[in-house]
Every structure is written in C-alpha cells, then in structure tokens.
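Engineer: Structure, please.
(one chain, ligands or ions: 1)
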Amino acid sequence: MAKTETAISILTADEVERRVEEFAALLHACVHAGASINFVMPYSEDDAEAFWRRKVLPGMRDGTRVVWAAERDGRIVGSVQLSTDTPPNQLHRAEVTKLLVHPDFRRRGIARALMEELEGLAERLGRSLITLDTRTGDSAEPLYASMGYITAGVIPGYCRDAFVDRLDATTIMYKAI
Ligand SMILES: CC(C)(COP(=O)(O)OP(=O)(O)OC[C@H]1O[C@@H](n2cnc3c(N)ncnc32)[C@H](O)[C@@H]1OP(=O)(O)O)[C@@H](O)C(=O)NCCC(=O)NCCS
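Structural biologist: Predicted coordinates:
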C-alpha cells in the first residue's frame, strides 16, 4: 500500500459515534498487539468502545478534542487525537494522544501522515507547543524523534505493561511549531 492510498480526515463527534465499533476494534487490536496506551489485560472490545464513548466523545462535543481517522478502502486503519483541553496559562499548548495504526498497516507512513495533519491543525489553532508521552523504547519514540520532537526526560516506573507485571518508563517529548 502506498501512503497516497490512505485517506486522512478529521471526523465529527457524530461520525465517531456512528463508527465507534471500528474505532474500538482499532484500539483493541493495538492493545492486544502490545501497545502501552493506558490499558492492561484483560481488555475487551467493550472496554475499548467504552473508552471512545466516555473519554473521547465528550471532549469532541465540548470542542477540546480533535480526532483524525486514516482510512484505507473505507476501513479505519489509524487514528490520532489532539487535546486542546489545557489550562488558561497554556492555551498555546496542545497534547497528542492515542496515535494508533492497526498492526496490519504499519511501516507505511500512516502515523507520520497523521502527525503531519495534526501539526498543521495545531499551528492553525495557534497552538505553538505540542507535548506527548510514550513508553520508553517503543516504536513511537523514533517516529516522534524523526519528526523533530525533543526528549524532555524519562520517568522510570511510570506505567504497567499490558500483559506482564512490570513497570515501564515513559519518555516525555515536546515540539515547538
Ligand atoms: C507507533 C505507531 C503509531 C507507528 O505507526 P506506523 O504507521 O507504523 O508508523 P510510520 O510508518 O509512519 O513510521 C514512521 C517512522 O517511525 C519510525 N518507526 C515506526 N515504527 C517503527 C518500529 N517498529 N521500529 C523503529 N522505528 C519505527 C521509523 O522512523 C518510521 O520511518 P521509516 O518507516 O521510514 O523507517 C504504531 O506502531 C502503533 O500504532 N503502535 C502502537 C500504539 C502506540 O504505541 N502509539 C503511540 C502512543 S504514544
């Protein structure tokens, strides 16, 4: 698959709600493939759907969260979110969350393309500082580094692995745009 065959767009809250099972399937697949993105086993598709309904949709509806979908032949194969739910003294900042690419569609430039769209919107919204965190050593780390994100630091023992009883470090990164 070439990068150009993937369509990336911002979805409305109604569109995400209508396709919530697809978003849940994407999240569920990533967690079960080993992603460290807040969840631990056992993790069901119902758990994943509850995340989209309870944690994502309210932010979309109150205007503090933007969700992108990467689609291939009409199927959602990737997603990323930008949270602008920052305090009054940080209205120039926004946070990247839940960058997800389905395990079957990785290393095709989808995450990079999603991040480029996200950065473009952040800039248009006047958000000049983007922050994020990612488990230290995960494949997202070299992706962010290659896009100019700088490592602010590493916090050891930050998050539990999804499958085994082990605490992993997280890397805090930022980019001024
Ligand atoms: C991290 C993730 C989003 C990357 O998605 P992707 O679409 O495969 O990434 P891309 O194809 O756009 O890769 C862009 C660059 O990132 C780096 N990269 C991506 N996957 C990598 C891997 N497994 N190992 C090393 N570098 C990797 C490479 O520099 C790559 O460029 P290249 O392919 O030209 O070498 C995907 O692996 C994923 O969904 N992981 C689980 C969820 C997760 O951890 N999300 C991040 C939360 S902060």
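Engineer: Output stretch 98-114 as CSV - backbone C-alpha positions only.
Structural biologist: Taking C-alpha atoms only, stretch 98-114 is exported to CSV below (Å, rounded to 0.1, in the frame of the first residue of the first chain):
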residue,chain,number,x,y,z
LYS,A,98,-3.7,7.8,21.1
LEU,A,99,-1.7,7.7,17.9
LEU,A,100,-2.8,4.3,16.7
VAL,A,101,-2.1,2.3,13.5
HIS,A,102,-3.6,-1.1,13.1
PRO,A,103,-0.8,-3.8,13.3
ASP,A,104,-1.6,-5.0,9.8
PHE,A,105,-0.9,-1.5,8.3
ARG,A,106,2.3,-0.4,10.0
ARG,A,107,5.5,1.0,8.4
ARG,A,108,3.6,2.5,5.6
GLY,A,109,3.9,6.1,6.7
ILE,A,110,0.4,6.3,8.2
ALA,A,111,1.4,7.5,11.6
ARG,A,112,3.7,10.1,10.1
ALA,A,113,0.9,11.3,7.8
LEU,A,114,-1.5,11.5,10.8
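Engineer: can you pull the buried residues of it?
Structural biologist: Residues of stretch 98-114 classed as buried under the neighbour-count rule (16 or more other C-beta atoms under 10 Å) are K98, L99, L100, V101, H102, F105, R108, G109, I110, A111, A113, L114. All C-beta spots, glycine's among them, are computed from the backbone N, C-alpha and C.
Engineer: Same check on stretch 50-66?
Structural biologist: Using 16+ other C-beta under 10 Å as the test for burial, stretch 50-66 gives F51, W52, V56, L57, G59, M60, R65, V66.
Engineer: Just the ones in helices from those, please.
Structural biologist: Filtering these for membership in helices, criterion DSSP state H, returns F51, L57, G59, M60.
Engineer: Next SSE downstream of the longest helix that the chain contains?
Structural biologist: Looking across the chain with DSSP H, the single longest helix is helix 110-124. Note on helix 110-124: by DSSP states H and E, the next helix or strand toward the C-terminus is strand 129-135.
Engineer: Neighbouring strands of that next one in the sheet, and parallel or not?
Structural biologist: Strands flanking strand 129-135 in the sheet, each with its direction: strand 93-101 (parallel), strand 167-176 (antiparallel) (DSSP bridges).
Engineer: thinking again about what came up before, tabulate the buried residues of stretch 98-114 in JSON lines, adding columns for pLDDT and distance to the ligand.
Structural biologist: As requested, the buried residues of stretch 98-114 are exported to JSON lines (pLDDT from 0 to 100; distance: C-beta to the nearest ligand atom, whole Å):
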{"residue": "K98", "pLDDT": "98", "distance to the ligand": "7"}
{"residue": "L99", "pLDDT": "98", "distance to the ligand": "4"}
{"residue": "L100", "pLDDT": "98", "distance to the ligand": "5"}
{"residue": "V101", "pLDDT": "98", "distance to the ligand": "4"}
{"residue": "H102", "pLDDT": "98", "distance to the ligand": "7"}
{"residue": "F105", "pLDDT": "98", "distance to the ligand": "7"}
{"residue": "R108", "pLDDT": "97", "distance to the ligand": "5"}
{"residue": "G109", "pLDDT": "97", "distance to the ligand": "5"}
{"residue": "I110", "pLDDT": "98", "distance to the ligand": "4"}
{"residue": "A111", "pLDDT": "98", "distance to the ligand": "3"}
{"residue": "A113", "pLDDT": "98", "distance to the ligand": "7"}
{"residue": "L114", "pLDDT": "98", "distance to the ligand": "8"}
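Engineer: Fine by me, we can end here.
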